[in-house]
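Visitor: let's see this in three dimensions:
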Amino acid sequence: MRTPRFRAARLAPGRTGTRRHRTLRKAAVAVCVLALAAAGCAREPGAGEDPGLSVAAASGDFGDLKSVCGPGDASSASAQGVSATQIEIGLFSDIGFTKDPDIADAAKVFVEWCNAAGGINGRELVTNLRDTRLTEVRQRMLEACREDFFLVGGAAALDGLGVKDRLKCLLPEFPAQVTQTANTGSDLQLGGGSSLSEDVNPYTGFYNWLTTQAYPESKGKIGLLTGDSPITKVMGDKLTEALTASGANVAYSGLYPLGGLADWTPYAQAIKSNGVRGLIFLGEHRALTKLEEALTSLNYKPDWIDANSNSYKQAFLDGAGASLAAQNNFVDLAGTAPLDAADQVPAVAQLRDMFEQYAPDSPITYQVLRAFPAWLLFAESATACGDELTRRCVFETASKETAWTGGGLQAPVDLSKPRSDQPRCFNVQQATPEGWRAADFDPDTGVFRCGFTPYRYTVDHGKPTTLADVDKSMSDLE
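Guide: Below is the predicted model of the structure:
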């Protein structure tokens, strides 16, 4: 689906209204949500929203980045998707199936802001929304290979289905999120945030804080509840390995059906009877709020619940009801600046101003916070390439960033080397009746706590796809 300038971004087709399709959609959405859970598939965080924001001027500066976008005298058609007047960018999203517009909202706001500032050396950004409808990743990738200059700021739950085609056509991507092992850390890719599909556990620092500093007595009584899907089963296996290696004990491990449950009491009773003191939940936030309702009715409160970044949204706070005060929920944003840090992080404040101007009815979500560094990385690198804009120039320019922060939206990342080979940062948000707030996790680098080394898995769960896998090399990139 090609949608210039997002005029119809919210009109992506969905499924027909038959009962069979509704049932299939419910199950498949559950798979999608579970696949994205570790990477953060959030909406409506509502963490410290301030309706009285001033309108941000489109100066072309963002956070601590200068002249990300601006006018110029570009005149050549230097590559596929590039003319003297515009640049076509592909944007992957499951929007037609999930109806979740976060990725599209982020692109809309960035593109309108950038074009208002003059575009990329005078070239206008035009975004082609590649609606995968969850399962049509490969079809959309083949379309992108024929038309797009670059892929930026997107996410698809089954992103591994298109990675070989992307590499065959030498199409680089700066994604907002990555979810499947075949795509996570693949060649011609930079960014994508933290995910349990990596070959290391990006949440090592978070779990060490929970089990050794915040709640040390929970270390021997960890519970893990996972949606019954091949994707999340692997996530559960990885976490079990990492926790065991750290000296923790997984006292309870359960699977729940993707279609949901009418009564979560049996799971709550199992958690209670096993004396679980720290609960990790891999799944969708509505299911978690039902489980917590059952735990609360049993008058049982673990020391902590890892709700995962999928729950960093206002909808989770609303759904939790009375359990919000009764249970102790945390999420690790894995080095992404939270919304309640706007008074400390100018980039967060500016992002909120931009949404107030360009998309006042759209919430800033975790996916938005992940997408914007990708857009900024592309724009800054493309601007540096000047008139002779090529894929090679943009990718190589971005690859030289050794402390990339997206203007301040994330902790520094060295894009010149594999993400698994560098220390990480974490930052913890806690769900309270007043909203999502920073937990007392002893940040040492601004709003982050940095320097931990992520646990590297010893079991082979698959590898990212390389150019060599499709008989290509970096020398083929133009």
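
Visitor: and for the residue lying closest to T397 once chain neighbours are set aside, the neighbour number?
Guide: Counting by CB to CB, 6 or more residues apart in numbering, T397 lies nearest to S381, which is 4.1 Å off, once chain neighbours are set aside. Where C-beta positions appear, they are placed from N, C-alpha and C, glycine not excepted. Taking other CB atoms under 10 Å as the criterion, the count of residues near S381 is 24.

Visitor: all helices of the chain, in order?
Guide: 19-36, 95-98, 102-116, 137-147, 163-168, 204-208, 230-245, 265-273, 285-297, 314-320, 323-326, 346-358, 366-385, 391-399 (DSSP state H).

Visitor: hang on, the earlier thing: how far away is the residue nearest to T397 from I95?
Guide: Computed as CB to CB, to the nearest Å, the S381 to I95 distance reads 26 Å.

Visitor: was I right about K463 contacting T181?
Guide: Yes. With contacts counted by CB atoms under 8 Å, K463 reaches T181, the gap being 7.0 Å.

Visitor: about what we covered before: winner for burial among the helices of the chain?
Guide: helix 366-385 (a mean of 27; mean count of other CB atoms under 10 Å).

Visitor: in terms of secondary structure, what does that helix contact?
Guide: Secondary-structure packing of helix 366-385 (3 or more CB pairs under 8 Å, 6 or more residues apart in numbering; DSSP states H and E): helix 102-116, strand 150-152, strand 173-174, helix 346-358, helix 391-399.

Visitor: reformat these as CSV; add mean pLDDT and distance to W304.
Guide: Output for the helices and strands packed on helix 366-385, formatted as CSV (pLDDT from 0 to 100; distance: least, CB to CB, whole Å):
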stretch, mean pLDDT, distance to W304
helix 102-116, 97, 27
strand 150-152, 98, 36
strand 173-174, 98, 34
helix 346-358, 97, 26
helix 391-399, 98, 37
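
Visitor: closest to G451 out of those?
Guide: helix 346-358 (21.8 Å; CB to CB).

Visitor: and the closest one, what does it pack onto?
Guide: Checking 3+ CB pairs under 8 Å, 6+ apart, helix 346-358 ends up next to helix 102-116, helix 366-385.

Visitor: swap the cut-off to 6 Å and go again
Guide: Using 3 or more CB pairs under 6 Å, 6 or more residues apart in numbering; DSSP states H and E as the contact criterion, the elements in contact with helix 346-358 are helix 102-116.

Visitor: name the residues that touch the helix it packs on?
Guide: With CB atoms under 6 Å, 6 or more residues apart in numbering as the contact definition, helix 102-116 has outside contacts at 6, 9, 43, 58, 69, 91, 93, 95, 124-125, 127, 153-155, 354-355, 358-359, 362, 365, 367-368, 371, 375, 379.

Visitor: thinking again about what came up before, okay if I get the helices and strands packed on helix 366-385 as CSV plus distance to N329?
Guide: Formatted as CSV, the entries for the helices and strands packed on helix 366-385 read as follows, by distance: least, CB to CB, whole Å:
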stretch, distance to N329
helix 102-116, 21
strand 150-152, 32
strand 173-174, 31
helix 346-358, 22
helix 391-399, 36
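
Visitor: and T445, which of the ones you listed is closest to it?
Guide: Proximity to T445, assessed across the helices and strands packed on helix 366-385 by CB to CB, is greatest for helix 346-358 (15.0 Å).

Visitor: off-centre distance for the closest one?
Guide: Using CA atoms, centre = their mean, to the nearest Å, the distance from the centre of helix 346-358 to the centre of the chain it belongs to is 19 Å.

Visitor: what angle do it and helix 102-116 make?
Guide: Using axes from the mean of the first three to the mean of the last three CA atoms, to 10 degrees, one finds that helix 346-358 and helix 102-116 are set 90 degrees apart in direction.

Visitor: count residues in the vicinity of the residue lying closest to D199 once chain neighbours are set aside, would you?
Guide: The shortest distance from D199 to any residue other than its chain neighbours is 5.5 Å, reached at S420 (CB to CB, 6+ apart). Neighbouring residues of S420 were enumerated by other CB under 10 Å; the total is 15.

Visitor: and if you look at S311?
Guide: 32.

Visitor: domain assignment for this protein?
Guide: Residue ranges for the domains of the chain, per automatic domain parsing: 4-193+338-415, 204-333+423-456.

Visitor: so where's this protein uncertain?
Guide: Across the chain, the stretches falling below the confidence threshold (pLDDT under 70) are 1-58.

Visitor: spatially speaking, which residue is in the middle of it?
Guide: A centroid search over the chain (CA atoms, centre = their mean) returns Q177, at 4.0 Å, as the residue closest to the centre.

Visitor: contacting residues for T226?
Guide: 232, 236, 255, 282.

Visitor: any idea how far it is from V348?
Guide: Distance from T226 to V348, counting by CB to CB: 32 Å.

Visitor: adding distance to L467, write the domains of the chain out as JSON lines.
Guide: As requested, those are arranged in JSON lines below (distance: least, CB to CB, whole Å):
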{"stretch": "domain 4-193+338-415", "distance to L467": "5"}
{"stretch": "domain 204-333+423-456", "distance to L467": "23"}
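
Visitor: looking at these, which is closest to V470?
Guide: Set against V470 and scored by CB to CB, these come closest in domain 4-193+338-415, at 4.7 Å.

Visitor: one step back: do you know which of the helices of the chain lies nearest G81?
Guide: With CB to CB as the yardstick, what comes closest out of the helices of the chain is helix 137-147 (6.2 Å).

Visitor: for G118, the count of nearby residues, please.
Guide: Neighbour count of G118, defined by other CB under 10 Å: 19.

Visitor: how about it, nearest residue that isn't a chain neighbour?
Guide: Here the nearest residue to G118 in space, its sequence neighbours aside, is P71; by CB to CB, 6+ apart that works out to 3.4 Å.

Visitor: wait, the one you found touches G122, no?
Guide: Yes. Using CB atoms under 6 Å, P71 and G122 qualify as a contacting pair, with a distance of 5.1 Å.

Visitor: give me the more crowded residue out of the two.
Guide: When neighbours are counted by other CB under 10 Å, P71 and G122 differ, and G122 comes out ahead with 16 against 13.

Visitor: show the backbone phi and psi for the closest residue to that one other than its chain neighbours.
Guide: Leaving out its chain neighbours, the residue that sits closest to G122 by CB to CB, 6+ apart is G72, at 4.0 Å. In terms of degrees, to the nearest 10, the main-chain angles of G72 are phi -180, psi -170.
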